[in-house]
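# Could you work out the structure for the sequence below:
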Amino acid sequence: MQTPQPGTLRILHLSDTHLTGDGALHQGTVDTTATLDALLARLDSIEGVGLVVVSGDVSEDGSPESYAALVERVGGWATRHGAALVTVPGNHDQREGFRQVLANGHLLGEGGRPMMHTMEYHPPTVPVWGQSLVAGRRVVTLDTSVPGAGYGLLTAETLERLRTALADRSEAPHGTVVVLHHPPLPAPTALHEALRLQNPEDLDEVIRGSDVRVVLAGHYHHHFAGSIGGVPVLVAPGVANDTDVAGPYGEETAYVGTGALVVDLAQDGSLWSAPVRVPVAAADSIAVHHDAEAVARIIDAVGPH
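Okay, here's the model as predicted:
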């Protein structure tokens, strides 16, 4: 891959690592730790990365050990490459475990230097909020997770904090990058549609006409591109597996495979992106399959009511 142009921020966008503290296989089929290791090894030759983003579902079980595995692997990769590192909770994450290890999710600053945090107790009902500066860009992480549910929601408090942050353009001359888990885009399957972000129109209202240059998301386990409020939205491939977007809408199938997204963001706000896919050897190409009845049960259990 070509080296980014001067002044361009290259972002390595990962999502849905679904790490476990005890090494249990994701959906009983995928060793997500080994999959992440293989992906990072393949990405090691990419030059000029200034920011690494992990847009949620860091953990499958919410254990401190699973978050520590991310710090060791993705944090180690970012440190070696002199890149900042931010992450945000997804619907599988547990806020208590996330905060215990990752604090507000902004782990490394420019050049890969560790960020200092004051550890404060927040109940699990309070969304995680993070903000930092990287190469003249404000990076804001928005927690869309809802404890005990699979769908996403931006609370009034989170939206107001974002509105306040965007009101001050002096500290970020090259604009803002927003990171969240649930994409503000239509979903590819019935399951993801039920578990999508419930209030994208509220995000639209806040970022329209602002200095937000791109919104980075995950959750769908497949690369998508769209826009909201005139702002590009990029969804990263899943690290854990790859959603079958060509199958029956009412069923949910994911294939074995992993990937990431490389995003180049220029100072004038123009951007370029490329997905990187890495095959994973497996006896069965299907990582998980849920028929329509199983999908309905999942929606009933963790969907909106």
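# From now on I want contacts and neighbour counts done on CA atoms only, so please keep to that.
Will do.
# mind checking the SS state of Ser227?
Here Ser227 takes the strand state, with states given by DSSP: H, G, I helix; E, B strand; the rest coil.
# show me the contacts for it.
Neighbouring residues of Ser227 by CA atoms under 8 Å, 6 or more residues apart in numbering: 185, 233.
# give me the beta-bridge partners of it?
Pro232 (DSSP bridges).
# for Ala274, same thing?
For Ala274, the beta-bridge partners under DSSP bridges are Val262.
# residues of stretch 286-296 that come out buried?
Judged by neighbour count using 16 or more other CA atoms under 10 Å, the buried positions of stretch 286-296 are 286-290, 292, 295-296.
# Turn those into TSV, including secondary structure, pLDDT and distance to Leu159.
Putting these into TSV (DSSP: H, G, I helix; E, B strand; the rest coil; pLDDT from 0 to 100; distance: CA to CA, whole Å) gives the following:
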residue	secondary structure	pLDDT	distance to Leu159
Ile286	strand	96	38
Ala287	strand	96	36
Val288	strand	96	35
His289	strand	98	35
His290	strand	98	34
Ala292	helix	98	35
Val295	helix	98	31
Ala296	helix	98	31
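# just checking, next helix/strand downstream of the helix or strand hosting Glu96?
Using DSSP states H and E, Glu96 maps to helix 95-102. If you walk from helix 95-102 toward the C-terminus, the next helix or strand you reach (DSSP H and E) is strand 106-108.
# what sits against the spatially most central residue of the chain?
Nearest to the mean C-alpha position of the chain, counting by CA atoms, centre = their mean, stands Ser55 at 1.0 Å. Shown in contact with Ser55 (CA under 8 Å, 6+ apart): 13-16, 87-90, 179-181, 216-218.
# List just the nearest of these to Gly48.
When those are compared for distance to Gly48 (CA to CA), His13 comes out closest, at 13.6 Å.
# How many neighbouring residues does that closest one have?
27 (other CA atoms under 10 Å).
# now it, what's its secondary structure?
strand.
# so it touches Ala260, yeah?
Yes: using CA atoms under 8 Å, His13 is in contact with Ala260, at 5.9 Å.
# Overlap of the contact sets of these two?
Ala236.
# Run through the residues that contact Thr258.
By CA under 8 Å, 6+ apart, the neighbours of Thr258 are 35-36, 39, 237-242, 277-280.
# ah, wrong one, I meant His221
For His221, counting by CA under 8 Å, 6+ apart, the contacting residues are 15-16, 236-243.
# possible to save those as JSON lines with secondary structure and neighbour count?
Listed next are those as JSON lines, based on DSSP: H, G, I helix; E, B strand; the rest coil; neighbours: other CA atoms under 10 Å:
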{"residue": "Ser15", "secondary structure": "coil", "neighbour count": "31"}
{"residue": "Asp16", "secondary structure": "coil", "neighbour count": "29"}
{"residue": "Ala236", "secondary structure": "coil", "neighbour count": "31"}
{"residue": "Pro237", "secondary structure": "coil", "neighbour count": "29"}
{"residue": "Gly238", "secondary structure": "coil", "neighbour count": "28"}
{"residue": "Val239", "secondary structure": "coil", "neighbour count": "30"}
{"residue": "Ala240", "secondary structure": "coil", "neighbour count": "29"}
{"residue": "Asn241", "secondary structure": "coil", "neighbour count": "27"}
{"residue": "Asp242", "secondary structure": "strand", "neighbour count": "23"}
{"residue": "Thr243", "secondary structure": "strand", "neighbour count": "25"}
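# quick one: which of these is nearest Gly82?
Closest to Gly82 out of the contacts of His221 is Ser15 (20.0 Å), distances taken as CA to CA.
# how close does that closest one sit to Ala274?
15 Å (CA to CA, to the nearest Å).
# Over to Leu159?
29 Å.
# which one of these two has more residues nearby?
Using other CA under 10 Å, the more surrounded residue of Leu159 and Ala274 is Leu159, with 17 against 13.
# outside of the helix or strand harbouring that one, which residues touch it?
In this assignment (DSSP H and E), Leu159 forms part of helix 156-167. Helix 156-167 is contacted from outside by 127, 129, 140, 142-143, 176, 202-203, 206-207, 210-212, using CA under 8 Å, 6+ apart.
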